Every structure is written in structure tokens, then in C-alpha cells.
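S.K.: Sequence first, predicted model second:
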Amino acid sequence: MGDLKSFFANPDSPAGPQPSADECQWAMFAHLAALAGYFIPVGNILGPLIVWIIKKDQMPFVDDQGKEAINFQISMSIYILISILAICIAIGIVTAIGFGIAALVYSIIAAMKANKGEYYRYPMTIRFIK
């Protein structure tokens with residue numbers, strides 16, 4: 001996994017061709033689709049997954065940003081689950097709320113960056129899909 005500093009840092013974004021306006025919009029949708037998790041159980045993972053599956057073969061920028069959104073949402077789900085399990089030692093409530101807020105804020109930041117055509121890397125993300 002590497003050292004803790006690299007885990008929390010925002011790794012360098014990959015260099016790639018400037019995406020089209022259509023690609024930027026779909027990448028933004030991939031990040032914002034995670035907000036479905038506030039209304040649908042596991043929607044935070046299913047939303048970006050659906051956008052990624054639909055557009056990954058047609059749009060390289062959406063392929064990259066969709067994988068990033070899915071990896072971040074899976075990571076946050078794991079962190080929140082661990083926090084919920086840690087409620088019995090009182091710190092779980094604080095960490096669960098913190099991770100929930102972080103997931104919302106970082107998803108919005110990522111959507112704004114993607115809409116501008118910038119490759120975004122979330123911090124604290126385990127890269128399950130490469």
C-alpha cells in the first residue's frame with residue numbers, strides 16, 4: 001500500500017489528450033452519480049458503475065474518471081462500514097460522519113474538475129479497478 005503520506009495525498013493526474021465537452025459531461029455525471037447513495041442503498045457505487053459501463057469503451061476520459069469514482073466510493077464505503085463497527089468504542093460516530101462529509105465534498109470537487117476536462121485523483125482511495 002505504500003506509506004501513509006502517499007495514501008492520503010492526491011497522486012499526480014495522468015496526462016492525456018484534452019477530452020471533448022461530451023466526455024467532460026459524462027465524466028462529471030460519473031462523479032455526481034455517487035450522490036444516488038443518499039437515496040438508494042449502494043447507489044454511491046452503482047451510479048458511477050452504470051455510467052462507467054455505458055461509456056468506458058467510447059470515451060477514454062470517462063473510462064479513467066469512472067474508475068476513479070468507483071474506486072473512491074468503494075473505499076469510502078469500507079471506511080464508513082469500519083467506522084460503524086467502531087461505534088462501540090465511541091470514535092466510530094465521529095469518523096463515520098467525517099467520511100460521509102468527505103465523500104460528498106470530494107465527489108463535488110471531482111465533478112467540477114471533470115467538467116473542466118481535468119483528470120482528478122481522489123485522496124484515500126484504494127485502487128480496486130485499474
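M.R.: Alright, I've got the coordinates.
S.K.: which SS class is residue 70?
M.R.: Put simply, residue 70 is helix when judged by DSSP: H, G, I helix; E, B strand; the rest coil.
S.K.: Run through the helices of this protein in chain order.
M.R.: Assigned by DSSP state H, the chain shows helices spanning 4-8, 21-32, 43-55, 60-85, 91-115.
S.K.: I would like the residues contacting the last one, please.
M.R.: By Cβ atoms under 8 Å, 6 or more residues apart in numbering, the surrounding residues in contact with helix 91-115 are 24-25, 27-28, 30-32, 34-35, 44, 61, 65, 68-69, 72-73, 76, 79-80, 83-87, 119-120, 122-124. Glycine gets a C-beta too; all of them are placed from N, C-alpha and C.
S.K.: out of those, which are buried?
M.R.: Among the contacts of helix 91-115, those scoring as buried are 24, 27-28, 30-32, 34-35, 44, 61, 65, 68-69, 72-73, 76, 79-80, 83, 119-120, 122, 124 (criterion: 16 or more other Cβ atoms under 10 Å).
S.K.: Neighbours of the closest residue to residue 55 other than its chain neighbours, how many?
M.R.: Nearest non-adjacent residue to residue 55, counting by Cβ to Cβ, 6 or more residues apart in numbering: residue 62, 4.2 Å away. Using other Cβ atoms under 10 Å, residue 62 is surrounded by 27 other residues.
S.K.: pLDDT value on residue 62, please?
M.R.: Reading off the confidence values, residue 62 has pLDDT 97.
S.K.: show me what contacts it?
M.R.: With contacts defined as Cβ under 8 Å, 6+ apart, the neighbours of residue 62 are 23, 26-27, 30, 51-52, 55-56.
S.K.: Could you save those as TSV and add columns showing distance to residue 110 and pLDDT?
M.R.: Below are the contacts of residue 62 laid out as TSV (distance: Cβ to Cβ, whole Å; pLDDT from 0 to 100):
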residue	distance to residue 110	pLDDT
23	15	96
26	13	97
27	9	97
30	9	97
51	13	97
52	13	97
55	16	97
56	17	96
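S.K.: Could you export those to a markdown table, including columns for distance to residue 97?
M.R.: Below are these laid out as a markdown table (distance: Cβ to Cβ, whole Å):
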| residue | distance to residue 97 |
| --- | --- |
| 23 | 34 |
| 26 | 31 |
| 27 | 28 |
| 30 | 25 |
| 51 | 27 |
| 52 | 28 |
| 55 | 33 |
| 56 | 33 |
